[in-house]
Structures are given as C-alpha cells and as structure tokens.
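1. with the sequence up front, the predicted model follows.
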Amino acid sequence: MPANLPIEYYKLEEEYGGTTRREDKLKLLEKMLSVIPKHKGTQKVIGEIRLKISRLKKEAEREAKRKKGSRRKGIKKEGAAQVCLIGLPNSGKSYILNKLCNKNIASTDLPFETASPEVGMLDIDGVQIQLIEIPSVYPGFYKKRGEERGLISNSDLACILISTDKDLEFIKKEVPLHVDYIVANSKNLKKLKEDIWKKLKMIKVYTKEPGKPPEKRPVALKKGSTIEKVGKTIHKDFIKKFKYAKVFRKKAKVKERKVGLNFVLEDGDIVEFHTS
Ligand SMILES: Nc1nc2c(ncn2[C@@H]2O[C@H](COP(=O)(O)OP(=O)(O)OP(=O)(O)O)[C@@H](O)[C@H]2O)c(=O)[nH]1
Ligand SMILES: [Mg+2]
C-alpha cells in the first residue's frame, strides 16, 4: 500500500536527489526519518532509508580507515635498494634492525611486538640500503595485511629469518614471494650483510673528477650497468656533453682505459668523465 507521506518528506527527497556530498545526504536522510509518521504503511520506506543511512556510514568509515592507513603507509623508497625482513614472532627482525641500522625498536620476548612496518638505513660500504621490518607472519597474514603485501612486492629483496625448515615452509605458504629472497638462519650480521649485497646483484662505482681523488661515496648500480647509466645518475649534462670516460680498474691487467657510453662497468670501478 502506498505510504501517505507529508509534503516535507517529498521536499527532502527532492533535495536529496540533488546532493552528492555524503554528509549532506546523511543529514537529509535523518531529516526524512524524522518527518515520516511511524505506522505500518511507512515501515518499508523507513526501512529503506535506514539501509541507506547505514550504507553511507559504513562507506565513510571505510574511507576514514583508508586515509588513516595511507598516512602511515608513507614508507618512501630510499637508498639504492629496499630489503624487507620477514619472519615469525621473535625471529629477531627488530634485533637486526636495531643492530644494523642503529635503531631503537622495542625488541623483547613479547611476540608480535612490532605491529606495523619499521624502517632503517643499512650502510654497506657506503651504499645506503633501506631495511624494512615486516610485522611477524601468522596464519592468514597475506590476505589481511595489504600494506605489508605492497611493501614486500615493491621491495628488491626479501630476507626470510628462520630457525627451522618448518618455519621456512610456513612462511612460504603464507607469503607468496614475487621478489628475490635469501634465507638466514643465524644472526651472523656480517654474513647477512654480505648475503644481502650479493643477492642484490649490484655494483659500486666511484666517480672522480680529473686531477682529483675518487669520491668517497660510491654510486650503486645494477650489475651490467654502463657508463651512460652512471652519467645519468649523477647529472644529465655528463651525457649531453660527453666526450669519453676513463675507467680505472685496480685489479685488472689494463688499469686504465678510455671508454665510451656503452662500456659495461664492474664492482669497484672508478670513472672519470671527460666532457666538452
Ligand atoms: N642475543 C641475541 N638476541 C636475539 C637475537 N635474535 C633475537 N634476539 C632476542 O630475541 C627477542 C625477540 O627478538 P625480536 O627482534 O624482538 O623479534 P621480532 O622478529 O622483531 O618479533 P616481533 O616481536 O613479532 O616483532 C628479543 O629479546 C631479542 O633481543 C640474536 O641473534 N642474538
Ligand atoms: Mg619486531
């Protein structure tokens, strides 16, 4: 049976049709509710309005949550590469971050102590690597933790910390890895650093100006990078005005050579740009 509704209701309904902002819609719906007489004939309309209100409120909640999350999500990629630490509770992720990156993250026997990702910078022979502690893995982790999922798939390498093969099995089942990974089952921190560097498949190249000693800080590049890549990394003018480069390679037979933009570099090379 059609509900016999007061004229104010129809006015509000018309206004509602013309609004787009969620808050305005909510206000109008509440007003509609307040002007509708409550009896059997209006139950359906009231029910529909209540449903609309609850949907809009849920939508608002979801959006607020998303915004809150994205504020924290702001882990910016920094340094030459990004490595995430993955493991079970108490596997020593925070311990490693504290030791290797000079951090002060809570690290006790309490499991799941790290509730959200923590970041530190790891110095490997002058190259800055971003290390991220991913909160500990638990059953259902991957489905529920969108932020962590994003961080893992965005990183260049995952470092899985385990005590037993069972741990590894569990972690691999819970966290589908689409990036390179290494497995560490001890806290030999020196070895861990070496393994990370090896697996990143990068080289360190030192630039120098003619007549000056090499820069102390190396440029880190993917293995197989050329002179052109180094040039682009430091300043595009080096490529625009490029004449040639000199490469100094201490361990090679030919310790110094004149090369072009396509020359492939090796770890430890020193590069001197000559421009016009
Ligand atoms: N001495 C020593 N202590 C360690 C080592 N690894 C972990 N620990 C200790 O074991 C405890 C747990 O380590 P955490 O680094 O907090 O573990 P986590 O992987 O961050 O685990 P969550 O609590 O889930 O974040 C802490 O008391 C650490 O100090 C290690 O290699 N050597
Ligand atoms: Mg921790």
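-> Sure, I can see it. Residues are numbered from 1 along each chain as shown. Ligands and ions are numbered 1, 2, ... in the order given.

2. how about the residues of the stretch 51-200 of the chain by ligand 2?
-> Counting by CB under 5 Å from the ion, the residues of the stretch 51-200 of the chain close to ligand 2 are K93, S94, E113, T114. Every C-beta, even on glycine, is put in place using the N, C-alpha and C of the backbone.

3. per-residue confidence for L12?
-> The model reports L12 with a pLDDT of 95.

4. part of a helix, is it?
-> Yes. Assigned with DSSP: H, G, I helix; E, B strand; the rest coil, L12 falls within a helix.

5. list the buried residues in the helix-or-strand element of the chain with minimal mean pLDDT.
-> Lowest by mean pLDDT, DSSP states H and E among the helices and strands of the chain is helix 43-73, with a mean of 82. Of the residues in helix 43-73, V45, I46, I49, K52, I53 count as buried by neighbour count, 16 or more other CB atoms under 10 Å.

6. next: stretch 246-262.
-> For stretch 246-262, burial by neighbour count (16+ other CB under 10 Å) applies to V247, F248, R249, L261.

7. does the second one touch G268 like I think?
-> What that stands for is F248. No. The pair formed by F248 and G268 falls short of the contact definition of CB atoms under 8 Å, at 9.4 Å.

8. just list the residues touching K77, thanks.
-> By CB atoms under 8 Å, 6 or more residues apart in numbering, the contact list for K77 reads Q130, N154.

9. first-to-last residue distance for stretch 181-201?
-> For stretch 181-201, the first and last residues are 12 Å from each other (CA to CA, to the nearest Å).

10. quick one: is it near ligand 1?
-> Yes. Contact of stretch 181-201 with ligand 1 is found when judged by CB under 6 Å from any ligand atom, involving K187.

11. can you give the contact residues for that stretch?
-> 81, 83, 92, 95-96, 99-100, 122, 124-125, 127, 129, 156-163, 168, 180, 222-223.

12. if we go to 7 Å?
-> When contacts are defined by CB atoms under 7 Å, 6 or more residues apart in numbering, stretch 181-201 is touched by residues 81, 83, 92, 95-96, 99-100, 124, 129, 156-163, 168, 180, 222-223.

13. return a PyMOL selection command for the buried portion of the residues you listed.
-> Restricted to buried positions by 16+ other CB under 10 Å, the PyMOL selection for these reads:
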select buried, resi 81+83+92+95+96+100+124+129+156+157+158+159+160+161+162+168
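
14. just the contacts of stretch 181-201 that are near ligand 1?
-> Okay, of those touching ligand 1 (CB under 6 Å from any ligand atom), that's G92, Y95.

15. dump the residue contacts of H274.
-> The contact partners of H274, taken as CB under 7 Å, 6+ apart, are K243, Y244, A245, K246.

16. try it again at 6 Å.
-> K243, Y244 (CB atoms under 6 Å, 6 or more residues apart in numbering).

17. now A245
-> By CB under 6 Å, 6+ apart, the residues touching A245 are I227, V259, V271, F273.

18. what average pLDDT does the helix or strand that contains the third one get?
-> Yep, that's V271 we're talking about. Assigned by DSSP states H and E, V271 belongs to strand 270-275. Mean pLDDT, strand 270-275: 95.

19. circling back: next SSE after the least confident helix or strand of the chain?
-> Remark: after helix 43-73, the chain's next helix or strand is strand 81-87, criterion DSSP H and E.

20. now R21: phi and psi?
-> With angles defined as degrees, to the nearest 10, R21 sits at phi -70, psi 140.

21. same question for the one 4 residues further on.
-> The phi and psi torsions at K25 (degrees, to the nearest 10) take the values phi -60, psi -40.

22. what is the burial count for the closest residue to it other than its chain neighbours?
-> In space, and not counting its chain neighbours, K25 is closest to T19: 5.4 Å by CB to CB, 6 or more residues apart in numbering. Neighbours of T19 under the rule other CB atoms under 10 Å: 13.

23. for the residue of the stretch 151-276 of the chain found nearest ligand 2, which residues are in contact?
-> Here the stretch 151-276 of the chain gets closest to ligand 2 at one residue, L161, 10.5 Å apart by CB to the ion. Neighbour list for L161: G87, S91, G92, A184 [criterion: CB under 6 Å, 6+ apart].
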